[in-house]
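1. Predicted coordinates and the sequence they were generated for:
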Number of protein chains: 2
Amino acid sequence: MTYAPPSAEQAFALKISAGIEELAASERFAAASADMVEAIVEGIGQFAAGEFAPLSRVGDTQGARMIDGVVMLPAGYAEAYRAYVEQGWNAVSGPEHFGGQGLPFSLAACVLENLGTANMAFSLLPMLTVGAIEAIEKHGSDEQRAMYLAKLVSGEWPGTMNLTEPQAGSDVGALRTSATPILKGEHAGKYLIKGTKIFITWGEHELADNIVHLVLARTPGAPAGSRGISLFIVPRFHVGADGSLGAANDVKAVSLEHKLGIHASPTCVMSYGDHDQCVGELIGAENEGLKCMFTMMNSARINVGAQGVMVAEAALQHAVAYAQGRVQSARAGSPDKTPVAIIEHPDVRRMILRMRALTEGARALLYYTCGQVDRAALGDDAAKTRADLLVPLIKAWGTDAGCEVASLGVQIHGGMGFIEETGAAQHYRDARITPIYEGTNGIQAADLVTRKLGMENGGVLASLMAEIARDAGDEAGLAALARDCAAVGEWMRDSASLDDKLAGSVPFQTMCAVAVAGWQLLRQSRAAEAAGGNLARTKPVVARWLLDHLVPEAAGLKASATAGAALLYALDRESLAS
Amino acid sequence: MTYAPPSAEQAFALKISAGIEELAASERFAAASADMVEAIVEGIGQFAAGEFAPLSRVGDTQGARMIDGVVMLPAGYAEAYRAYVEQGWNAVSGPEHFGGQGLPFSLAACVLENLGTANMAFSLLPMLTVGAIEAIEKHGSDEQRAMYLAKLVSGEWPGTMNLTEPQAGSDVGALRTSATPILKGEHAGKYLIKGTKIFITWGEHELADNIVHLVLARTPGAPAGSRGISLFIVPRFHVGADGSLGAANDVKAVSLEHKLGIHASPTCVMSYGDHDQCVGELIGAENEGLKCMFTMMNSARINVGAQGVMVAEAALQHAVAYAQGRVQSARAGSPDKTPVAIIEHPDVRRMILRMRALTEGARALLYYTCGQVDRAALGDDAAKTRADLLVPLIKAWGTDAGCEVASLGVQIHGGMGFIEETGAAQHYRDARITPIYEGTNGIQAADLVTRKLGMENGGVLASLMAEIARDAGDEAGLAALARDCAAVGEWMRDSASLDDKLAGSVPFQTMCAVAVAGWQLLRQSRAAEAAGGNLARTKPVVARWLLDHLVPEAAGLKASATAGAALLYALDRESLAS
């Protein structure tokens, strides 16, 4: 399957929903000129299509494998990653002081979107590195920044995130990996790390000279639960004061998971300190590891939401190409009974428009969220809280949309969709992890109705929904949905018990996400109509479909959002088994 | 994963939704006494749990393989199938004259449900045989019935269905396999079959002495399209007049598909007449093959809809067991912060109740449909047309429900759900074929809004929905949904163009299915409350959840059902690619 970068779509979303031109008007993002934006959007599209996409299928069929204890990727991955680093794509939004271009997060999102549509499993490698950069930039010491940031920003040393342990998944506070201060010797002042981490994405591989593991662990006597967790930097190979690589650290991938999808992404069980010689450095203050993790959680969750867009775009391109080429049956009611490409049949068109509405709606929500993150970086506090509110929406609805679009892509392929060689099934398998990792979509919804809804006593949600209702103009359905979201939010804040809020949190989250996505796609549609050109033909149709179909469906969730928790606890846990 | 047969649920659905006691009051189904029903429900549950379920995982991991041209199943499959045949489970609803028990279709559905929940891929073998029995019973000559039916009814010789060719999927009329009359010699009066069929489920294997292929093909000079198709019996091994097995026929599986799921079901590319010696017998009249296929299509579609129930039940059992055992985090707001099993968290309970509402709702719709089929067999014409109307609903909504429940099952498992060893992902993969085969769910919807809606000028739908609205009593949401379904049906019949109908067909189909499923689960709930016992506690909760959540969602589809086709054709096919 070839990948045709949706550069025009992305450039338009950057312009209208991220507001990239306004960002470029600031001193901080002055480099994001129109020429630069175009060069990046076009350039990364070509790079991803040329280097990452051709490796997607072999990545799925062969996958990452552990051979004699070494994590191996299929042929071509190392070369493609090297090209990615050498061409500077990893450095788009990194800090300029460490070799980055300092461009907006929105542009880095566009880079990732292209990589991930071309090859979702592969794109996780740079995606995880983003978190390590943020953590060290914000919480590291000057020495740590000097030692690691330039290599992370360039991508020469990718980063990993080590949170999960067998007994500590969503409940990260239950983790047990220990960090014991080293009192003397060459590593005095550092810590001995010991423990097992699971589900570590790209935890080990031979694509880079070093890997910078960020690891959550407990120091001796630390408080129980999440308040006793500290964050550590654990390099795969020790790094000398001059930046030179030393001996291997005592950390190692002991096995790879056999997963439903993203087979090219090595998901490792990592063992730290098998020989009691794994050395890590504390980053940030002791017992403030979770706080450090939270600073990188926003971008990580946005980037996972973006994976929904990635897999949706890939599935959409795949399905449309098939539907244009597959001839089967005449149009219903056709007098001459000439068979037509299935894209001419009404229900296939319905599926394709649904796929497009979900894909473009999720992309609109994604870039709107990114734009708010960039505004927050410029000191806009309202944008900061709005971004915080949007994070669970894009993470959850973006990934739900990705799964649904991938499933529709299989459906359009008919029986061929169930055959692995076709490739449609890969999207369906790859997509399924996205509603789970980086906080399940249920965790996102809990975050929305507890922490996010409480911001400014509900004012952050209320002002967003009021803006949508106002902007909706004569789009009565969208305005009504926004008012419904505001009303449900108010009920949750003022009247609902904690259980009632949580019981309705997932449908409420969907309602809010559709309202914002519909609003942003409507804004794009109006702008496209004003601007003319190709998007002036397509965008109003896709936006119309979203407003006419997805918005009424979302409105139908209000009953679920406000149903409360009583029925959920009407049966005891044994009776919940049939 | 062990399988705990939901015998009480099934017995209750048989009683309330299929009305098995009323069926047993007829002479034809007098054998379906309460004792017999109980013996079958309990017995097949134990058989499936003991013989089929233990083979499900190895069937997925090893799958069917072609080794030196021979289709091989994992160890244990042959023995389990033999036990299934020997214990008479295949013969439950077969004609008594040929060794069947002549029991209602509803009971045969319960047999299949148990087999398929235990091992979906394996259950396709008996499921396909049902079609061959029906075709030969209804359209075969006395000689053909005598030669094949007893063996098919017992299951000693399983049957297959051969429709699809590379260029003929949904458009079965495009098939090219040829059937040339044999004018002289031992096979005079029969036909030489030549062509390639794809996607042939259990097309070849060594689990039985013979296989009875039913094959669609064209005779010389037959009209083009679907009016020139005839149906043929093509045994894998020739059968002598005395029933003895002869030499191999010239038919053979040439390869197996590599599929997303149901790995234990060998999906074969079948080659007929490689050596121009493949002999088949015409069944029914020449050029009436499609009519013959239609007679078996209803039960086949119902049985595929049942697969939605099967995979949903399996995923539900899997997920509830995990949620009961996995301890993670305290309840939100809990003062003592004691971690609890995740089944105690509100959103996990929401997912489980949703899974149960979908599973039990689909089962209620399934057995209601089966009961109408059985009434039709007793000569009840109103039941016949109602069954015809229900077939697309159970096929489409049952399979959609199966896919959604399987996906929720993965979600409840969190990261573990994405790991293949857990087994949750197998349900997700297995389920995905069901909305595709036996007529895609889009084809079902087209059948609903064209042929089925037209029955009695819309009266079949109208009377069903009127009955639901009446029965709903004070369940205003259900009554309103039923009235919406009737109104949309009326609009489609009186005002909508063919394209408009088709454009809204899939959401309309979902609305109708939820109305019927909600109605039947409500009936079960009321009956359970009246009867007391365990179901009196659980059924009202599950029914309440369906009525409070799925019914409003379905109502939210009305806008989509009536939106019309104009927007679908606003873009030309090239512009549909982004």
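-> Now that the structure is in, tell me what you want to look at.

2. need the contact list for whichever residue of the stretch 51-200 of chain A sits closest to chain B.
-> Closest approach between the stretch 51-200 of chain A and chain B, counting by Cβ to the nearest Cβ: A:Asp171, at 4.0 Å. Every C-beta, even on glycine, is put in place using the N, C-alpha and C of the backbone. Going by Cβ atoms under 8 Å, 6 or more residues apart in numbering or on different chains, A:Asp171 touches B:328-329, B:339.

3. Near chain B, which residues of the stretch 401-550 of chain A are found?
-> A:403, A:407, A:410-411, A:414-415, A:417-421, A:425, A:428-429, A:432-433, A:435-437, A:440-442, A:445-446, A:450, A:477, A:498-499, A:502-503, A:505-506, A:537-538, A:541, A:544-545, A:548-549 (Cβ under 8 Å from any Cβ of the partner chain).

4. What's the local residue count around A:Ser334?
-> Neighbours of A:Ser334 under the rule other Cβ atoms under 10 Å in any protein chain shown: 13.

5. for the nearest residue to it once chain neighbours are set aside, helix, strand, or coil?
-> In this structure, A:Ser334 finds its nearest non-sequential neighbour in A:Val340, 7.8 Å apart by Cβ to Cβ, 6 or more residues apart in numbering or on different chains. Three-state assignment for A:Val340 (DSSP: H, G, I helix; E, B strand; the rest coil): strand.

6. how many other residues sit next to A:Val340?
-> Quick note: A:Val340 (other Cβ under 10 Å) scores 15 neighbours.

7. got it, and A:Tyr191?
-> When counting by other Cβ under 10 Å, one arrives at 24 neighbours for A:Tyr191.

8. so what's the closest residue to chain B within chain A closest to, chain neighbours aside?
-> Closest to chain B within chain A is A:Gly556: 2.1 Å, counting by Cβ to the nearest Cβ. In space, and not counting its chain neighbours, A:Gly556 is closest to B:Gly556: 2.1 Å by Cβ to Cβ, 6+ apart.

9. follow-up on the earlier one: among the residues of the stretch 401-550 of chain A next to chain B, which lie within helices?
-> Judged by DSSP state H, helices contain the following of these: A:403, A:407, A:410-411, A:425, A:428-429, A:441-442, A:445-446, A:477, A:498-499, A:502-503, A:505-506, A:537-538, A:541, A:544-545.

10. Could you tell me which of those residues count as buried?
-> Among those, those classed as buried by 16 or more other Cβ atoms under 10 Å in any protein chain shown are A:403, A:407, A:410-411, A:425, A:428-429, A:441-442, A:445-446, A:477, A:498-499, A:502-503, A:505-506, A:538, A:541, A:544-545.

11. quick one: low-confidence parts of chain A?
-> A:1, A:578 (pLDDT under 70).

12. all strands of it, in order?
-> Taking DSSP state E as the criterion, chain A contains strands spanning A:65-67, A:70-72, A:159-162, A:178-181, A:191-201, A:212-217, A:230-235, A:237-239, A:245-248, A:251-256, A:267-272, A:279-283, A:327-330, A:339-341.

13. Once you drop chain neighbours, what's closest to A:Pro339?
-> Nearest non-adjacent residue to A:Pro339, counting by Cβ to Cβ, 6+ apart: A:Val327, 5.0 Å away.

14. typo on my end, it should be A:Asp388
-> Residue nearest to A:Asp388 in three dimensions, not counting chain neighbours: A:Lys452, with 6.0 Å by Cβ to Cβ, 6+ apart.

15. try A:Lys558
-> With Cβ to Cβ, 6+ apart as the criterion, A:Lys558 has its nearest non-adjacent residue at 5.3 Å, and that residue is A:Asp484.

16. Please give me every residue in contact with the residue nearest to A:Gly556.
-> Contacts of B:Gly556 were listed using Cβ under 8 Å, 6+ apart, and they are A:552-557.

17. Quick check: residues of the stretch 51-200 of chain A near chain B?
-> Along the stretch 51-200 of chain A, the residues adjacent to chain B under the rule Cβ under 8 Å from any Cβ are A:164, A:167, A:169-171, A:173-174, A:198-199.

18. Can I get the buried part of those as one ChimeraX selection?
-> Buried residues among these (16+ other Cβ under 10 Å), as a ChimeraX selection:
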select /A:164,169,170,171,173,174,198,199
